[in-house]
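Undergrad: Fold the following, please.
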Amino acid sequence: MSIEERIKDYAAGRPAKRARKRKEWEPPSFGEFLDGAVLAYDQGAFCTGWCYFWKSSETGLVVLDKGVFKEPPVPGLKSHADTLQRATWMAERIQAHIHEQRLMPSDLNEFWIVHEMPPIQGWRPEVSLMGALAIRLATERSLHRVVSVANQHMRSVLVGSERNDGSKRVVKEALARYGRFVGDGWNEHNRDALALGLTFLYDEKRRTDESR
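TA: Now for the predicted structure:
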């Protein structure tokens with residue numbers, strides 16, 4: 001509200017409206033993440049990054065396993081034929097991966113499955129959508145809880161809107177607050193999966209606290 005508008009309101013006997021002070025963004029503290037195990041996927045066209053981790057207030061953030069699924073291109077396939085071939089392969093691989101019992105440590109009874117909310121635009125978003133469908137179909141009859149997290153929401157929670165330039169670098173820097181996730185097989189794909197999983201634990205902790 002301008003000074004002139006404030007003067008007019010004062011003369012008319014109306015209380016001046018004050019603009020609400022915007023709360024400055026702060027990165028979530030470690031205690032703001034719910035304790036639990038998460039198998040997170042960042043599904044894409046050519047590769048899908050994944051990270052299986054356990055967050056505990058006592059032991060910290062422990063990465064149990066991580067990796068990337070990559071499918072080499074098939075010579076001669078182009079356009080939608082290539083898209084279908086890649087999506088089919090990714091669906092089969094994710095389905096097998098979710099049901100691998102080696103992912104379940106003996107001291108964990110259950111885990112959440114988190115995947116990226118498929119984007120509605122960008123480069124070949126249909127494969128991300130089909131990958132997300134593969135995850136949902138693979139877990140349809142399982143007891144695991146499956147949720148999706150939008151990439152932009154993840155960045156708003158862990159990076160902050162003012163610091164988000166859309167790059168992978170800012171996600172890498174944000175994760176560095178909670179541990180060392182570089183080298184030893186780490187890359188932008190499984191780091192994004194970890195970030196999505198952490199964001200879910202942040203949201204779930206808020207929902208849990210509000211319901212009490």
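Undergrad: and Thr199, that's in a helix?
TA: Yes: assessed with DSSP: H, G, I helix; E, B strand; the rest coil, Thr199 lies in a helix.
Undergrad: Looks like it contacts Ser148 (just checking).
TA: No: between Thr199 and Ser148 there is no contact under Cβ atoms under 8 Å: 10.8 Å. C-beta: built from backbone N, CA, C; applies to glycine.
Undergrad: who has more neighbours, the two?
TA: Thr199 (23 against 17; other Cβ atoms under 10 Å).
Undergrad: contacting residues around the more buried one?
TA: Neighbour list for Thr199: Val149, His153, Met154, Val157, Leu158 [criterion: Cβ atoms under 8 Å, 6 or more residues apart in numbering].
Undergrad: In helices, which of the residues you listed appear?
TA: Residues of the contacts of Thr199 located in helices (DSSP state H): His153, Met154, Val157, Leu158.
Undergrad: Can you tell me which of those residues lies closest to Trp186?
TA: Nearest to Trp186, judged by Cβ to Cβ, of the ones in helices among the contacts of Thr199 is Leu158 at 16.1 Å.
Undergrad: In contact with that closest one, which residues are there?
TA: Per Cβ under 8 Å, 6+ apart, neighbours of Leu158: Pro27, Pro28, Val171, Ala174, Leu175, Ala195, Leu198, Thr199.
Undergrad: could you redo the last one with a cut-off of 7 Å?
TA: Shown in contact with Leu158 (Cβ atoms under 7 Å, 6 or more residues apart in numbering): Pro27, Val171, Ala174, Ala195, Leu198, Thr199.
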